[in-house]
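A.B. asks: next one to model:
(one chain, ligands or ions: 2)
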Amino acid sequence: MTKAKLAILISGRGSNMIALAEAARDPACPFEIVRVLSNDPAAAGLAEAERRGIPIWAHSHKGLKRADYDALLDAELRAAGAEYVALAGYMRLLSPGFVAGWAGRMVNIHPSLLPAYKGLDTHNRVLAAGDAEHGCTVHLVTAELDDGPILGQARVPVLPGDDEESLAARVLAEEHRLYARCLADLVSR
Ligand SMILES: Nc1nc2c(c(=O)[nH]1)N[C@@H](CN(C=O)c1ccc(C(=O)N[C@@H](CCC(=O)O)C(=O)O)cc1)CN2
Ligand SMILES: NCC(=O)N[C@@H]1O[C@H](COP(=O)([O-])[O-])[C@@H](O)[C@H]1O
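C.D. replies: Numbering: from 1, shown residues only. Ligands and ions are numbered 1, 2, ... in the order given. Next up, the predicted model:
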């Protein structure tokens, strides 16, 4: 079975990247990870990717125009032979030109039930609103932030006494299950 070549973009801890790497260890998994890339050379997830033998690329975006930085990113993705891109805690808005080059082949995981709570700080916003339910979403990436077609969602209850930490942990556990499933479906279409 020819596996789809997947590159993963991270900015920090990388637990979603690790969950995808674990899924890719299954011989039946339809994707293989060819590169982990980061806009932060100090991102904690990079060391774990290296430990797992996944080639990494890290380059700070600081001081570069967004489109110029994204052009470097694109060149590395092409050099890696990537066919699909997964954003996993990647905290930079990608430029329209870059997004157009990966249309239909780039996905993101977002910690809310989109279209609700686009952007940042989703857990605190859900708690402040007093919502009874929360969750996460995998969507195709478009130029518009958190606006692309939804591929999958997972729901969790908001429990009495929840704070940002307890709610984020409950959502993150669902993210790790949902992302690999949605990616396997996408690359198998
Ligand atoms: N063109 C797109 N780029 C990105 C998308 C998208 O849907 N379209 N999703 C995001 C991921 N994300 C939420 O899921 C997100 C990432 C970053 C930001 C943001 O405001 N970033 C600021 C800088 C913040 C920082 O450096 O800490 C910025 O880029 O100026 C909001 C939401 C990934 N990219
Ligand atoms: N707006 C993007 C965003 O907020 N993404 C969120 O950042 C976390 C990254 O964790 P990780 O680095 O452990 O995968 C995840 O919860 C992901 O949904």
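A.B. asks: wait, doesn't Ile54 sit right on Glu32?
C.D. replies: No: taking C-beta atoms under 8 Å as the definition, Ile54 is not a contact partner of Glu32, at 9.7 Å. Heads up, the C-betas are built off the backbone N, CA and C, glycines and all.
A.B. asks: ok, Lys62 - how many residues close by?
C.D. replies: Applying the criterion other C-beta atoms under 10 Å, we find 8 residues in the vicinity of Lys62.
A.B. asks: the one 10 residues further on now?
C.D. replies: Burial of Leu72 is recorded as 15 neighbouring residues (other C-beta under 10 Å).
A.B. asks: excluding sequence neighbours, find me the nearest residue to it.
C.D. replies: Among residues not flanking Leu72 along the chain, His59 sits closest, at 6.0 Å (C-beta to C-beta, 6 or more residues apart in numbering).
A.B. asks: how near is the one you found to Asp68?
C.D. replies: For His59, the distance to Asp68 (C-beta to C-beta, to the nearest Å) stands at 11 Å.
A.B. asks: returning to that earlier point: what about Ile54 and Glu32, which has more around it?
C.D. replies: Ile54 (19 against 12).
A.B. asks: what secondary structure does that one sit in?
C.D. replies: Using DSSP: H, G, I helix; E, B strand; the rest coil, the structure places Ile54 in coil.
A.B. asks: run through who's touching the lengthiest helix in the chain.
C.D. replies: Using DSSP state H to define each element, the chain has its longest helix at helix 164-187. Helix 164-187 has contacts (C-beta atoms under 8 Å, 6 or more residues apart in numbering) with 4, 6, 15-16, 19-20, 23, 29-31, 83-84, 86, 88, 107, 109, 111, 123-124, 126-127, 134-136, 138, 151-156, 158-159, 162.
A.B. asks: so which of those residues also contact ligand 2?
C.D. replies: Filtering the contacts of helix 164-187 for neighbours of ligand 2 using C-beta under 6 Å from any ligand atom leaves Ser15, Asn16, Ala88, Ile109, Pro111.
A.B. asks: rewinding a little: list only buried entries from the contacts of helix 164-187.
C.D. replies: Neighbour-count burial within those applies to 4, 6, 15-16, 19-20, 23, 29-31, 83-84, 86, 88, 107, 109, 111, 123, 126-127, 134-136, 138, 151-154, 156, 158, 162; the criterion is 16 or more other C-beta atoms under 10 Å.
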